[in-house]
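Participant: based on what follows, work out the 3D shape:
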Amino acid sequence: MKKYRLLCLLAGGMLLMTPLQAGAEERDDISNDTAEDHSIQSILDDPVGVDAILAVTETEQAYLEAYEKAKNASWGYTNLGIANVDNNLNIRAAASEDGKLIGKLPKNAACEVLENDGSWAHISSGKVDGYVSADYLLTGVAAKQKAEELAVTVATVTTTSLKVRAGASTESEVITMVPEGEELEVEDVEGDWVKVLLDDEEAYVSAEYVDVSSELDTAITMTELLYGQGVSDIRVDICQYAKEFLGNPYVWGGTSLTSGTDCSGFVMSVFQKYGVRLPRTSREQANAGTTINVADAKPGDLIFYGNGRSINHVAIYIGGGQVIHASSRRTGIKISNISYRSPVKAVRVLYE
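Facilitator: Just a heads-up that it's a prediction; the model follows:
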């Protein structure tokens with residue numbers, strides 16, 4: 001079988017492979033007068049940077065295995081940046097403090113760094129393209145190292161509506177349904193089944209209907225952070241207040257918006273600031289206020305989710321088909337689509 005010299009450029013997830021001539025001497029030095037080697041040298045000199053180079057002689061099969069492992073080494077980013085802030089990094093339409101605010105890059109979220117003059121960085125992340133202060137952005141090796149700590153393995157649903165089950169069997173109880181395109185946190189892959197986290201509980205989905213990959217968080221647009229017209233001030237205020245704690249930790253049994261809270265503790269503590277007293281658990285909160293149709297929910301209404309037997313999770317509707325909630329140990333407080341799992345109930349506790 002033909003042997004190959006394998007060059008893994010880990011910073012960009014790029015691999016170069018050149019066949020070794022019969023009897024040719026292997027060299028550590030890859031600089032010579034051939035056009036091919038000049039091309040390789042130009043890549044090595046690229047200012048985007050290369051974190052590491054692996055040069056080995058392998059069989060074609062070993063090359064293919066190494067390729068599969070290394071092609072996503074930078075999670076699809078060529079020049080990775082990571083938000084190095086305590087809360088959110090403002091994204092502006094122009095490289096100026098006066099630039100229009102067009103989005104937020106949450107703590108530890110990733111972006112593609114398009115340009116960086118040392119003061120402002122032009123970035124792209126999620127649906128947002130704009131400028132952030134370079135002082136609060138990790139790049140190069142520091143970003144790669146941080147990303148290694150932060151990357152979460154997710155299962156992206158590839159079918160119209162996926163059944164999430166209590167066990168790894170088609171005979172197991174269906175807990176909820178998850179629509180196409182939604183992502184579930186992966187705990188483990190067990191043959192034909194993927195163990196996932198449904199907020200803070202373990203569940204299972206068929207491996208046939210998901211794509212498993214390693215992902216980093218991305219930016220949030222201002223559209224995702226705002227709501228439509230005709231919403232009362234207190235509803236706007238509550239939703240804005242809740243968003244101040246995006247990215248803060250999930251702690252089972254906790255009620256602290258800064259150091260750790262669970263889903264019902266988050267809702268209780270947010271509403272408490274505005275004089276609305278709610279019970280402690282999601283099941284009790286589901287019996288507070290007035291039950292409404294999920295389709296009629298306004299920003300500030302409560303959305304409840306269940307495990308097939310009872311309610312076990314609560315979120316705050318923030319408009320635009322989205323909720324904010326304390327989800328799990330890995331993600332903490334986050335924004336999700338209202339249908340990221342099937343909602344079972346909506347409750348109104350604010351009355352204008």
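
Participant: residue boundaries of the helices in the stretch 1-150 of the chain?
Facilitator: For the stretch 1-150 of the chain, the helices defined by DSSP state H, counting those that start in this stretch cover 35-44, 60-70, 140-150.

Participant: no wait, the stretch 151-300 of the chain
Facilitator: 222-225, 233-243, 263-272, 282-285.

Participant: tabulate these (TSV), appending mean neighbour count, mean pLDDT and distance to Gly320.
Facilitator: The C-beta positions use only the backbone N, C-alpha and C, and glycine is treated the same way. As requested, those are arranged in TSV below (neighbours: other C-beta atoms under 10 Å; pLDDT from 0 to 100; distance: least, C-beta to C-beta, whole Å):
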stretch	mean neighbour count	mean pLDDT	distance to Gly320
helix 222-225	16	70	7
helix 233-243	17	89	10
helix 263-272	23	98	18
helix 282-285	18	97	23
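
Participant: what would those helices look like in TSV with distance to Asn312?
Facilitator: What follows is the helices of the stretch 151-300 of the chain, written out as TSV (distance: least, C-beta to C-beta, whole Å):
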stretch	distance to Asn312
helix 222-225	26
helix 233-243	20
helix 263-272	9
helix 282-285	6
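
Participant: Leu162 is nearest to which of those helices?
Facilitator: Closest approach to Leu162 among the helices of the stretch 151-300 of the chain (C-beta to C-beta): helix 263-272, 21.9 Å.

Participant: how far is the closest one from where the chain is centred?
Facilitator: Distance of helix 263-272 from its chain centroid, counting by C-alpha atoms, centre = their mean, to the nearest Å, is 23 Å.

Participant: export it to PDB, keeping only CA atoms.
Facilitator: Provided in PDB are the C-alpha atoms of helix 263-272 (Å, rounded to 0.1, in the frame of the first residue of the first chain):
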ATOM      1  CA  CYS A 263     -34.900  26.300  36.600                       C
ATOM      2  CA  SER A 264     -37.600  27.100  39.100                       C
ATOM      3  CA  GLY A 265     -35.100  29.000  41.400                       C
ATOM      4  CA  PHE A 266     -34.300  31.200  38.400                       C
ATOM      5  CA  VAL A 267     -37.900  32.000  37.600                       C
ATOM      6  CA  MET A 268     -38.700  32.600  41.300                       C
ATOM      7  CA  SER A 269     -35.800  34.900  41.800                       C
ATOM      8  CA  VAL A 270     -36.400  36.900  38.600                       C
ATOM      9  CA  PHE A 271     -40.000  37.600  39.500                       C
ATOM     10  CA  GLN A 272     -39.300  38.200  43.100                       C
END
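
Participant: quick check: angle from it to helix 233-243?
Facilitator: 130 degrees (axes from the mean of the first three to the mean of the last three C-alpha atoms, to 10 degrees).

Participant: run through the chain and note the low-pLDDT ranges.
Facilitator: 1-73, 223-231, 352 (pLDDT under 70).

Participant: how is it partitioned into domains?
Facilitator: 3-70, 80-150, 152-215, 220-348 (automatic domain parsing).

Participant: okay, how far is it across the shortest one, tip to tip?
Facilitator: What it means is domain 152-215. End-to-end distance for domain 152-215: 5 Å, by C-alpha to C-alpha, to the nearest Å.

Participant: ok, the closest residue to Leu114 other than its chain neighbours to Val323 distance?
Facilitator: Excluding its sequence neighbours, the residue lying closest to Leu114 (C-beta to C-beta, 6 or more residues apart in numbering) is His122, at 4.4 Å. Noted for His122: a distance of 31 Å to Val323, by C-beta to C-beta, to the nearest Å.
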